[in-house]
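*Asks:* Model the following, please.
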Amino acid sequence: MSKANRSGGPSPEQPPPPRSSLRIRVSIAALILFGILGFVVAALVGSGDDDADSAVTASPAVDRVIPSPGDEVLQQQQVGVVLDARYRLSSLVVYPSDQVGNGVDVTAEVNHIEGLNRFEFDPGEGQLIEALSPDTNCAVATFVLIARPEEADTVRWCFEVS
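*Replies:* Residues are numbered from 1 along each chain as shown. Purely as a prediction, here's the structure:
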């Protein structure tokens, strides 16, 4: 004899109707896929397409360059580099255009802020460069690992001067 409850539904002794496990699995897979897609999009947006910037950050020695690649700055802008504490600057050359000719070696006038390992040149009156040239300027910093000074590396970046 079958027992039925008063509402006309199945009795408590019968198992509940099967859940749609396929629907749940598809929903979970879709959520995971959208999550992964979100991370990929965030990584692509965060990385940008600036080849100059990626070239600067390719070396573990370089924390950052001043000014940043592609920045538009004034003629009295500092030019420099911040290096990892294990490195020191060997030379800094500033070029009045994106050509690698006619650069001015400003190494002798570079200020070193030891705690930050920041090396910077300030254009100004009485300096090798009184003002940065209008339009594109580039800089090349050469640096060495203090433990192995025979191994030099360089970083090159360009910026706009107004």
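*Asks:* rest of the way, CA atoms for contacts and neighbours
*Replies:* OK.
*Asks:* contacts for stretch 60-75?
*Replies:* Applying Cα atoms under 8 Å, 6 or more residues apart in numbering, the contact partners of stretch 60-75 are 52-53, 56-57, 77-84, 86-87, 120, 123, 131-134, 155, 157-162.
*Asks:* Show me those residues that map onto strands.
*Replies:* Mapping the contacts of stretch 60-75 onto strands (DSSP state E) picks out 79-83, 87, 120, 155, 157-161.
*Asks:* how about these, which pair is most distant?
*Replies:* The most widely separated members of the ones in strands among the contacts of stretch 60-75, counting by Cα to Cα, are Y87 and V161 (28.5 Å).
*Asks:* what are the C-alpha coordinates of stretch 145-155, in CSV please?
*Replies:* In CSV, the C-alpha atoms belonging to stretch 145-155 read as follows (Å, rounded to 0.1, in the frame of the first residue of the first chain):
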residue,chain,number,x,y,z
LEU,A,145,76.9,44.2,-10.8
ILE,A,146,79.0,45.3,-7.8
ALA,A,147,80.2,41.7,-7.2
ARG,A,148,81.2,41.3,-10.9
PRO,A,149,82.2,44.7,-12.3
GLU,A,150,83.6,43.2,-15.5
GLU,A,151,80.0,42.4,-16.6
ALA,A,152,78.3,45.6,-17.8
ASP,A,153,74.7,45.9,-19.0
THR,A,154,72.8,48.9,-20.4
VAL,A,155,69.3,50.3,-20.5
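*Asks:* How much space separates the closest residue to I146 other than its chain neighbours from G103?
*Replies:* Closest residue in space to I146, ignoring its immediate chain neighbours: Y87 at 5.3 Å, by Cα to Cα, 6 or more residues apart in numbering. Separation of Y87 from G103 (Cα to Cα, to the nearest Å) stands at 23 Å.
*Asks:* Look at the two and report which has more neighbours.
*Replies:* Using other Cα atoms under 10 Å, the more surrounded residue of Y87 and G103 is Y87, with 20 against 17.
*Asks:* thinking the more buried one is in contact with F143, fair?
*Replies:* Yes - with contact defined as Cα atoms under 8 Å, Y87 counts as touching F143 (6.6 Å).
*Asks:* Many thanks, have a good one.
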